[in-house]
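S.K.: I'll drop the sequence and a predicted model, then ask my questions.
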Amino acid sequence: MIHDPNRIYVFDTTLRDGEQVPGCQLTTNEKIEIAKELELLGVDVIEAGFPISSPGDFQSVVELSKAVKDPIICALTRANTKDIDAAAEALKYAKRPRIHTGIGSSDMHIKYKFNSTREDILQRASDAVKYAKKFVEDVEFYAEDAGRADIEYLAKMVEAVIAAGATVVNIPDTNGYCLPDQYGAKIKYLMENVKNIDQAIISVHCHNDLGLATANSIAGIMNGARQVECTINGIGERAGNTSLEEVAMVLKTHSSLGKYTNINSKKFAQLSAMVSRMMRMPVQPNKAIVGKNAFAHSSGIHQDGVLKFRENYEIINPEDVGIDQSEIILTARSGRHALKHHLERLGYVADKINLEEVYERFLILADKKKEINDDDLLSLMGEGDNNY
Ligand code: KIV
Ligand code: ZN
């Protein structure tokens with residue numbers, strides 16, 4: 001690992017937290033295909049699965065370990081020896097294996113999930129890390145439901161697992177409960193109060209139940225976290241996980257924050273489409289960065305502005321995320337500038353067109369149709385099959 005505090009490691013869990021979503025299950029071959037693309041994207045860690053959960057998931061971790069060379073391959077476990085044994089076995093071909101073990105840290109989980117006590121859970125956490133260390137050097141610990149955990153107890157747990165040998169400590173907001181200020185303050189508290197914090201990397205893992213996963217992850221990063229856990233398209237349990245493409249583009253767009261990743265953002269459009277297709281999970285059109293409308297302009301004022309100077313209404317160059325160019329959609333809200341732009345694109349010479357007259361007919365048609373396409377434009381110009 002590089003010792004630059006501003007270099008943020010990207011831990012992709014599309015194939016584990018993302019794949020837990022009903023209907024999104026992948027075959028081993030599909031997982032390998034995605035993992036190879038994630039490697040080209042430049043992620044630092046690929047969470048390949050939860051080996052004890054099924055023979056299929058076990059085998060996927062084995063095959064991914066063989067297929068991937070640069071990123072760390074990580075396998076999830078609960079804090080028990082059987083899970084850890086399975087993970088260690090599944091990771092045996094990985095060039096850079098990591099076991100990701102953990103247990104609940106909120107009083108709610110301790111009482112109602114484990115029917116246990118804080119002291120017992122603390123012991124089980126340390127024991128799990130020590131046991132995992134027998135197999136691999138790189139052990140990540142997750143303090144499940146850390147978003148709702150008592151901060152002093154959480155700090156004790158983080159200190160104990162680092163003392164037991166954890167190289168990375170994950171502070172999940174498992175239920176997407178925190179506000180960005182609260183989550184950022186949690187990370188800050190841990191950075192300032194855990195005595196051995198410099199011996200491990202703190203990781204953020206946020207869920208999107210309140211639509212705050214990306215904001216919370218950024219708040220965590222700005223307060224000292226150096227690893228971010230995320231998925232392509234923000235796919236994941238319930239409302240999903242932090243979206244990889246959003247976090248990477250926030251850090252890139254706001255380079256003045258001084259934080260950077262190794263991600264090649266030009267691959268986003270293609271990888272987003274691949275994951276959506278293989279997982280049979282459509283991307284919402286207004287999804288930031290990779291949604292169909294993320295670079296589409298439909299109102300006349302915005303179209304005119306973007307045609308005059310792209311940055312008037314775009315903070316990201318579409319080419320930076322693998323999209324050739326922004327789209328100017330012709331609707332009844334479009335203006336003359338957008339119409340002229342499309343007519344020129346179709347080979348008409350602006351000076352030779354009576355734009356006012358075409359625009360009048362265009363509006364009448366656009367009021368009847370949601371979108372005006374090239375065929376419609378040709379018909380408006382007296383060509384094509386329809387007569388408008
Ligand atoms: O959300 C969560 O707490 C998790 C852990 C298993 C890391 O996914
Ligand atoms: Zn999760």
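M.R.: All right, it came through fine. Ligands and ions are numbered 1, 2, ... in the order given.
S.K.: contacts and neighbour counts: CA atoms only from here.
M.R.: Noted.
S.K.: So what touches stretch 343-355?
M.R.: R336, K340, D374, L377 (C-alpha atoms under 8 Å, 6 or more residues apart in numbering).
S.K.: nearest residue to the second one other than its sequence neighbours?
M.R.: Which is K340. What sits nearest to K340 in space, not counting adjacent residues and going by C-alpha to C-alpha, 6 or more residues apart in numbering, is A350, at 6.7 Å.
S.K.: which of the contacts of stretch 343-355 tops the neighbour count?
M.R.: In terms of neighbours by other C-alpha atoms under 10 Å, those top out with L377 at 21 neighbours.
S.K.: Contacts only, for that one.
M.R.: L343.
S.K.: For the helix or strand it falls within, buried residues please.
M.R.: Using DSSP states H and E, L377 sits within helix 374-380. For helix 374-380, the neighbour count (16 or more other C-alpha atoms under 10 Å) marks D376, L377, L378, L380 as buried.
S.K.: what's the pLDDT at whichever residue of the stretch 51-200 of the chain sits closest to ligand 1?
M.R.: Nearest residue of the stretch 51-200 of the chain to ligand 1: T174, at 3.7 Å (C-alpha to the nearest ligand atom). Residue-level confidence at T174 comes out at 98, pLDDT.
S.K.: doesn't A149 make contact with it?
M.R.: No - using C-alpha atoms under 8 Å as the test, T174 is too far from A149 to be in contact (10.7 Å).
S.K.: wait, is E140 part of a helix?
M.R.: No - E140 sits outside any helix when classified using DSSP: H, G, I helix; E, B strand; the rest coil, being strand.
S.K.: still on that earlier bit, closest to ligand 1 among the buried residues of helix 374-380?
M.R.: D376 (48.9 Å).
S.K.: How much space separates the closest one from D17?
M.R.: Using C-alpha to C-alpha, to the nearest Å, D376 is found at 45 Å from D17.
S.K.: Against which helices or strands is the helix ranked longest in the chain packed?
M.R.: Looking across the chain with DSSP state H, the single longest helix is helix 118-133. Judged by 3 or more C-alpha pairs under 8 Å, 6 or more residues apart in numbering; DSSP states H and E, the packing partners of helix 118-133 are helix 81-90, strand 97-104, strand 138-144, helix 151-163.
S.K.: quick one: that helix to helix 81-90, angle?
M.R.: 20 degrees (axes from the mean of the first three to the mean of the last three C-alpha atoms, to 10 degrees).
S.K.: Need the contact partners of helix 118-133.
M.R.: 79-81, 84, 88, 99, 101-105, 107, 110, 139, 141, 153, 157, 160-161, 164-166.
S.K.: Check the offset of that helix from the chain's centre.
M.R.: For helix 118-133, the separation from the chain centroid amounts to 29 Å (computed by C-alpha atoms, centre = their mean, to the nearest Å).
S.K.: Same question for stretch 35-54.
M.R.: Distance, centroid of stretch 35-54 to centroid of chain: 13 Å (C-alpha atoms, centre = their mean).
S.K.: in it, what counts as buried?
M.R.: So stretch 35-54, judged by 16+ other C-alpha under 10 Å, has buried residues 35-39, 41-52.
S.K.: My guess is F268 contacts G291. True?
M.R.: No - using C-alpha under 8 Å, F268 is not in contact with G291, being 10.8 Å away.
S.K.: And these two? Which one has more around it.
M.R.: Just comparing F268 and G291: by other C-alpha under 10 Å the higher neighbour count belongs to F268, 23 against 18.
S.K.: Close to ligand 1: what parts of the chain are there?
M.R.: D17, Y142, E144, D145, P172, T174 (C-alpha under 6 Å from any ligand atom).
S.K.: redo that, cut-off 8 Å
M.R.: Contacts of the chain with ligand 1, taken as C-alpha under 8 Å from any ligand atom, map to 17, 76-78, 100, 102, 142-146, 170-175, 205-207.
S.K.: Mean neighbour count added to the helices and strands packed on helix 118-133, as a markdown table?
M.R.: Compiled in a markdown table, these are given as follows (neighbours: other C-alpha atoms under 10 Å):
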| stretch | mean neighbour count |
| --- | --- |
| helix 81-90 | 20 |
| strand 97-104 | 25 |
| strand 138-144 | 25 |
| helix 151-163 | 21 |
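S.K.: With mean pLDDT as added columns, please give the ones you listed in JSON lines.
M.R.: JSON lines is the format used below for the helices and strands packed on helix 118-133 (pLDDT from 0 to 100):
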{"stretch": "helix 81-90", "mean pLDDT": "98"}
{"stretch": "strand 97-104", "mean pLDDT": "98"}
{"stretch": "strand 138-144", "mean pLDDT": "98"}
{"stretch": "helix 151-163", "mean pLDDT": "98"}
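S.K.: Report the contact partners of the closest residue in space to the residue of the stretch 51-200 of the chain closest to ligand 1 that isn't next to it in sequence.
M.R.: Counting by C-alpha to C-alpha, 6+ apart, T174 lies nearest to D145, which is 4.8 Å off, once chain neighbours are set aside. When contacts are counted by C-alpha under 8 Å, 6+ apart, D145 touches G104, S105, S106, H109, I171, P172, D173, T174, N175.
S.K.: now do 7 Å
M.R.: G104, S105, S106, P172, D173, T174, N175 (C-alpha atoms under 7 Å, 6 or more residues apart in numbering).
S.K.: Let me know the pLDDT of it.
M.R.: 98.
S.K.: Then D385?
M.R.: Confidence score, pLDDT, at D385: 61.
S.K.: next one: D351
M.R.: D351 is given a pLDDT of 84.
S.K.: what does M1 give?
M.R.: With respect to pLDDT, M1 scores 54.
S.K.: For the residue of the stretch 51-200 of the chain closest to ligand 1, grab the count of nearby residues.
M.R.: 21.
S.K.: Sweet, I'm off.
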